[in-house]
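Enquirer: structure for the following, please:
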Amino acid sequence: MTASIALAGYLAWPGVAQVFRLDRRVVQVKTGAVWADTVYGVTDLAPAQASAAQLLAYVRGQWRIEIV
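Expert: Residues are numbered from 1 along each chain as shown. The predicted structure is shown next:
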């Protein structure tokens, strides 16, 4: 995961503090098919509130909700 504040003042969305990119490798359990996926996100959490590692943990926590 990569996080940046570079777009915080550029984007028209109020409250954006960071943007992030997550590159992931996905394996489909039933078929074994593998593919790469990249997702992007925005957050109002400043780097002092959430590092890239913490943002990754939040994203993974959301996946857990969707999988259950």
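Enquirer: count the neighbours of Ala3 for me.
Expert: Other residues within reach of Ala3 by the criterion other CB atoms under 10 Å amount to 22. The C-beta positions use only the backbone N, C-alpha and C, and glycine is treated the same way.
Enquirer: and it, what does it touch?
Expert: Applying CB atoms under 8 Å, 6 or more residues apart in numbering, one finds that Ala3 lies in contact with 18-20, 47, 51-52, 55.
Enquirer: now do the helix or strand hosting Val26: everything it contacts.
Expert: Secondary structure assigned from DSSP states H and E places Val26 in strand 18-27. Around strand 18-27, the neighbours that count as contacts under CB under 8 Å, 6+ apart are 1-8, 11, 33-43, 45-47, 50, 52, 55-56, 59.
Enquirer: let's see it as PDB, backbone CA atoms only.
Expert: Output of strand 18-27 as PDB, limited to C-alpha atoms (Å, rounded to 0.1, in the frame of the first residue of the first chain):
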ATOM      1  CA  GLN A  18      -4.700  11.300   1.900                       C
ATOM      2  CA  VAL A  19      -5.100   9.200  -1.200                       C
ATOM      3  CA  PHE A  20      -3.900   5.600  -1.400                       C
ATOM      4  CA  ARG A  21      -3.100   2.800  -3.900                       C
ATOM      5  CA  LEU A  22      -3.200  -0.800  -3.100                       C
ATOM      6  CA  ASP A  23      -1.800  -3.400  -5.500                       C
ATOM      7  CA  ARG A  24      -3.000  -6.900  -4.700                       C
ATOM      8  CA  ARG A  25      -2.800 -10.400  -6.100                       C
ATOM      9  CA  VAL A  26      -6.100 -12.200  -6.100                       C
ATOM     10  CA  VAL A  27      -6.500 -16.000  -6.200                       C
END
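Enquirer: strands paired with it, and their directions?
Expert: Based on DSSP bridges, the strands next to strand 18-27 in the sheet, each with its direction, are strand 2-4 (antiparallel), strand 34-43 (antiparallel).
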